[in-house]
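> This is a predicted model, with the sequence first.
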Amino acid sequence: MNKLIPIIFLLSVSCSLYEDNEQPDIYFEIHDFDILELGKTVSDMIVGTNESYLYLSDFNNNSLLKVNIQGEMELIDELILGSHPISMDISPDKSKLAVAMEGESKVYIVSLSDFSISYSFSVSLMNMNDIVYLNNQRLLISSKTDPTVIAYDLNTNTETSQSILNGELVVNSTDSIAYVASSSSIKKYDVSNNQASLEPYVADPFGFYAKINHFIISPDKNTLFLCLSNPDDHTGIKSVYAYDAKTLTFSGQYKVNSSGMGVAVSNNNRIFIAPTDADENGVFVVEFDAQTKLESNYYLVAGNLKERCIAVDQNAEYFYVLVNSPGDNNSFEPYNSFSFDLQRVHIYD
Amino acid sequence: MILNAGIFPNVSFSAFIPYRYILNEKVLFRGQNDNQYEGGLYSREAYGIGDIILQMSYQLNPLKGHFPVLIGAGVKLANGKINAVDKYDNRISDNLQVGSGSVDPVFSLYTNEPIGSFMFSTGAFTRISSRENIYGYKYGNELHALTNLDYIESDLFFGGVQLYYLLTTRDTYQYGKIARDRGGKSVFFSAKMGSKITDDFDLEIIFQKPVHQDLNESQLTSSYSIQIGTLYRFTL
């Protein structure tokens, strides 16, 4: 029996060395992902006004997608439009969707009640990149290549060239103010009259020829959020910038360590930023607190993110992103790499 | 390769010389690796002789002819290379290197008992990491415990089942910073069968399947594994 004592001692010492009291941090697993597989190249997304549907412009397939977001996500309708839809906006009366094309000089007006094309019209612009409703009768449309923005009156079917440089557009309909983020700076215009006039507020020039990834205004119309990148230096921009909508002065800098791909702000002022680059452990959408301007939550998503393609529902229950999982890119289908799926993410209470 | 030699009637010496080939492939997201900014498939590879384990064993017979106990102690050497690099000449992760970079003590305990046509055996093996390697990485401690029941009656074939318990603690970086995705408990069930090709040469195949795993965070695991092994006996 005495010979067993050292054995028992060694065994007990060995086992006691293996106590592991470390608890994992909050961690998301693969089954937490809520994904609708689309395999599309989406250029813009917008949440419908009744929170039941999400609309996506399918750039490669020249169509508009209607996705049910109540309960399990489901693609319920697809509407063929013209060549390469690039941008869209919902009318203030919530009845229509205006869609601008990159591949043709045409705008489509889609009825949201029956998801059909109400009518379309031609414009003088080529390579359109953005479209917004000024009010129910007027649209503001920008182009990548034409030097100035146009206004289009839907009642008279007339087009008016504006003294506004092209760029990404944002509108405050209540005050008839338009903001334009161009490759060099942000400018503010009074659009209450037929001809827009430049307001005496201009944001400081970026200092380089910027690519605008996303440009939005907060629901309370007080703050502009700008995601920009420097095509010549992909590591140069590490933050999303916020500007006071009244004076165009800086009101915040939200650091995500790479250029912002997109930004969304909920009605209760929660800010969600989709970065360009992944963290070592994956791709995270970062939520910021509007007061402290610091990170408050991180949301793991299933792949690389896309310009403009983040939206939050008005109840701040979910946000939606388009994700491209790099493992899916080894496709034999011609011209169909880097396709995106829709991911819904529950917002942490 | 395992070398085993009896030195005295109750004392034996064994050396475990592993050859390791490690291939890790993953798909990077954009921006995760500066050398491959747009992401895509990223492979890391290391191979060579791993850390050699040298062990002395002493046999005790506390129960007079039954359940002889083999108690062993030794060291795991630090001969395995720990500086493999990827295709961009950057050193790859410590847990993908063939060596650990530290000399560590090992202890083992083993007993067996024939029961009719079967051999029952059970044992435990520990590896205790004593220090960090020169890169500041310290492997977690390990406890391996296994129980076997083997059929030994036939001169031509043998086979059996094994229950294998593995407990690992997290690896740490310098100053004790915890490595993510490491450590946990696993229980594996194995079935094995083999043949005595000659008196000196055995061939065996082992099918192993995890029956319980409680691992920290996300760790890639196999749903099963198949091992093929050989054994050659010779005298000097």
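Everything's here; your move.
> ok, what's across the strand from residue B:228?
Beta-bridge pairing for residue B:228 (DSSP bridges): residue B:205.
> surely it meets residue B:202?
No - in this structure, residue B:228 is not within contact of residue B:202 by C-beta atoms under 8 Å, at 11.5 Å. For the C-beta atoms, the positions are set from N, CA and C on the backbone; glycine is no exception.
> Tell me the residue of chain A that sits nearest chain B?
Nearest to chain B, among the residues of chain A, is residue A:277, at 2.5 Å (C-beta to the nearest C-beta).
> low-scoring pLDDT stretches of chain B, where are they?
B:236 (pLDDT under 70).
> list the contacts for residue B:229?
B:203-206 (C-beta atoms under 8 Å, 6 or more residues apart in numbering or on different chains).
> Show residues contacting stretch A:148-162.
Outside stretch A:148-162, the residues that reach it (C-beta under 8 Å, 6+ apart) are A:107, A:109, A:121, A:123-125, A:134, A:136-143, A:163-167, A:169, A:180, A:189, A:191, A:194-196.
> again with stretch A:90-100
Outside stretch A:90-100, the residues that reach it (C-beta under 8 Å, 6+ apart) are A:46, A:48-49, A:55, A:57, A:64, A:81, A:85-89, A:107-113, A:118, A:128-131, A:133, A:135-136, A:139, A:141, A:173.
> So how do I select the buried members of these in ChimeraX?
Of the contacts of stretch A:90-100, the buried ones can be selected in ChimeraX as follows, counting by 16 or more other C-beta atoms under 10 Å in any protein chain shown:
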select /A:46,48,55,57,64,81,85,86,87,88,89,107,108,109,110,112,128,129,130,131,133,135,139,141,173
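> so who does the residue of chain B found nearest chain A touch?
Closest residue of chain B to chain A, C-beta to the nearest C-beta: residue B:31 (2.5 Å). Neighbour list for residue B:31: A:258, A:276-278, B:37, B:39 [criterion: C-beta under 8 Å, 6+ apart].
> Take these and lay them out in a markdown table including secondary structure and distance to residue A:95.
Listed next are the contacts of residue B:31 as a markdown table, based on DSSP: H, G, I helix; E, B strand; the rest coil; distance: C-beta to C-beta, whole Å:
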| residue | secondary structure | distance to residue A:95 |
| --- | --- | --- |
| A:258 | coil | 38 |
| A:276 | coil | 35 |
| A:277 | coil | 39 |
| A:278 | coil | 40 |
| B:37 | coil | 44 |
| B:39 | coil | 42 |
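> in the chain, which residue is closest to the centre?
Going with chain A. residue A:308 (2.9 Å; C-alpha atoms, centre = their mean).
> other chain: chain B
Nearest to the mean C-alpha position of chain B, by C-alpha atoms, centre = their mean, lies residue B:144 at 8.5 Å.
> so who does that one touch?
Residues counted as contacts of residue B:144 (C-beta under 8 Å, 6+ apart) are B:124-126, B:164-166.
> what do you get for residue A:46?
A:54-55, A:88-90, A:97, A:311.
> what does residue A:262 give?
A:213-214, A:227, A:273-274, A:305-310, A:321.
> can you tell me which of these are in strands?
Applying DSSP state E to these, the entries found in strands are A:213-214, A:227, A:273-274, A:310, A:321.
> Just put those in a markdown table and tack on pLDDT.
Output for those, formatted as a markdown table (pLDDT from 0 to 100):
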| residue | pLDDT |
| --- | --- |
| A:213 | 95 |
| A:214 | 96 |
| A:227 | 96 |
| A:273 | 97 |
| A:274 | 97 |
| A:310 | 96 |
| A:321 | 97 |
